[in-house]
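K.L.:
for reference, the sequence and a predicted model appear below.
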Amino acid sequence: MEDSFADIGFAKLDLSRGERTGFSEAIYCAGKTKEQLLGILQKFQTEGIAVLGTRCSEEKYDYIKASGLNVVYDPVSRIISLGKTTPGQLPGKIAVCSAGTADLPVAEEAAQTAEFYGAVVERFYDVGIAGLHRLLSKIDAIRQADVIIAVAGMEGALSSVLAGLVKAPVIAVPTSVGYGVSFQGLTPLLTMLSSCAAGISAVNIDNGFGAAVQGCRILRLIGKRDD
């Protein structure tokens, strides 16, 4: 394997990341101009590399789409993607659970990222512990997953409850949803890091992308174990 990158002036695109890590380079769209984003996507298309972009605004998507690039965009997760991957190419399944409807953007970022990278994903939304019966009504199905991503704002207790009910590893994603003392996601992050339930790992606030990649890495290990 030979590492390579493409220097397009304002960016150096990692063309061999997929070979090294199994996941092609992703684009963080926020902070880039629409012209820069178009240039990056065009280069990846020329190289024949499927690529995913996070935090893409609808304005930037409209500009990219008008250029003729065959991109797919989801306004909820704000994910833009170029090229196709093979659904279900990873073994096992990821369950993405969200506490409330307000957590959907981050939950969908996780779910769609995992699907882009080849995972089978099942969604369990609005199962927060404020109405525990909602979660318990789905717990048998959630237990069938090999990795669980728990997305929650406010106090962030969903991940702790899930970790006490399932065998699979739980990846906790704090969101910036909540009132004042939630401190834009800091409170749920600290809750997840301080959980008394074993088997939880936490990613950064609103980082559905990072949780999904970690989940896919775990699924890949399952595949190696089964080989």
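P.N.:
Okay, I see it. Numbering: from 1, shown residues only.
K.L.:
okay, CA-based contacts and neighbour counts for the rest of this
P.N.:
Will do.
K.L.:
so Ser16 versus Phe5, what's the distance?
P.N.:
To Phe5, Ser16 is 7 Å away according to C-alpha to C-alpha, to the nearest Å.
K.L.:
repeat for Ser77
P.N.:
For Ser77 relative to Phe5 (C-alpha to C-alpha), the value is 28 Å.
K.L.:
between those two, which one's more packed in?
P.N.:
Neighbours were counted for Ser77 and for Phe5 using other C-alpha atoms under 10 Å; Ser77 has more, 22 against 12.
K.L.:
now for the more buried one: which residues touch it?
P.N.:
54-55, 104-109, 112 (C-alpha atoms under 8 Å, 6 or more residues apart in numbering).
K.L.:
need the helices for the protein, in chain order.
P.N.:
17-21, 34-47, 58-66, 104-116, 132-136, 139-142, 158-163, 186-193, 208-226 (DSSP state H).
K.L.:
quick one: low-confidence parts of this structure?
P.N.:
Applying pLDDT under 70 to the chain picks out residues 1-3, 84-87, 223-227.
K.L.:
domain assignment for it?
P.N.:
5-82, 93-226 (automatic domain parsing).
K.L.:
pick the most deeply packed of those.
P.N.:
domain 93-226 (a mean of 21; mean count of other C-alpha atoms under 10 Å).
K.L.:
is the residue lying closest to Ala202 once chain neighbours are set aside bridged to anything, and to what?
P.N.:
Spatial nearest neighbour of Ala202, excluding adjacent residues (C-alpha to C-alpha, 6 or more residues apart in numbering): Ala172 at 4.5 Å. Beta bridges link Ala172 to Ala150, Ala202, judged by DSSP bridges.
K.L.:
Leu189 contacts Ser176, doesn't it?
P.N.:
No. Using C-alpha atoms under 8 Å, Leu189 makes no contact with Ser176, being 9.5 Å away.
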